[in-house]
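Asks: With the sequence up front, the predicted model follows.
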Amino acid sequence: RETDLPAIDAPALVINGDADVVPPEHAVALSRLLPRARLCIVPGGHGEAIGEITWPDADGPVQRLVTTLIGDFLAS
């Protein structure tokens, strides 16, 4: 529930595409509710940012950026 989110003390990385199924505004709202969240809005649609296999450019610059962001997040 939305009211439970501020109590989550774990780090969170919220990644959303600007043309995703989930509107970017929802990702922004989620990141504001999670006290230790980082937010990244990237160009693209659902699954594109992580290089989903169905996308024609599954290893493009956005996918490499997101991969780096996830790696940095997990290493911190």
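Replies: It's in. Residues are numbered from 1 along each chain as shown.
Asks: For residue 32, pull up the helix or strand it's in.
Replies: Assigned by DSSP states H and E, residue 32 falls within helix 24-33.
Asks: by contact count, what packs against the very next helix or strand once past that helix?
Replies: Per DSSP H and E, the first helix or strand lying C-terminal to helix 24-33 is strand 37-42. Under the contact criterion of 3 or more C-beta pairs under 8 Å, 6 or more residues apart in numbering; DSSP states H and E, strand 37-42 touches strand 12-17, helix 24-33, helix 61-75. To be clear about C-beta, it is placed using only N, CA and C from the backbone, and glycine gets the same treatment.
Asks: quick one: strand 37-42 to helix 24-33, angle?
Replies: 160 degrees (axes from the mean of the first three to the mean of the last three C-alpha atoms, to 10 degrees).
Asks: Partner strands of strand 37-42, with direction?
Replies: If you go by DSSP bridges, strand 37-42 pairs up with strand 12-17 (parallel).
Asks: Restricting to C-alpha, output the partner strand in PDB.
Replies: Extracted as PDB, the C-alpha positions of strand 12-17 are listed here (Å, rounded to 0.1, in the frame of the first residue of the first chain):
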ATOM      1  CA  ALA A  12      15.600   1.300  -4.300                       C
ATOM      2  CA  LEU A  13      16.300   2.100  -7.900                       C
ATOM      3  CA  VAL A  14      13.200   3.200  -9.800                       C
ATOM      4  CA  ILE A  15      13.800   3.000 -13.600                       C
ATOM      5  CA  ASN A  16      11.100   4.000 -16.000                       C
ATOM      6  CA  GLY A  17      10.900   4.800 -19.700                       C
END
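Asks: what comes into contact with the helix holding residue 32?
Replies: Helix 24-33 has contacts (C-beta atoms under 8 Å, 6 or more residues apart in numbering) with 2, 5-6, 12, 14-18, 20, 37-39, 41.
Asks: Export the residues you listed as a markdown table, with columns for distance to residue 26 and pLDDT.
Replies: Converted to a markdown table, those look like this (distance: C-beta to C-beta, whole Å; pLDDT from 0 to 100):
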| residue | distance to residue 26 | pLDDT |
| --- | --- | --- |
| 2 | 11 | 92 |
| 5 | 12 | 97 |
| 6 | 16 | 97 |
| 12 | 14 | 98 |
| 14 | 10 | 96 |
| 15 | 13 | 93 |
| 16 | 8 | 93 |
| 17 | 12 | 90 |
| 18 | 12 | 92 |
| 20 | 9 | 89 |
| 37 | 13 | 98 |
| 38 | 16 | 97 |
| 39 | 11 | 97 |
| 41 | 11 | 94 |
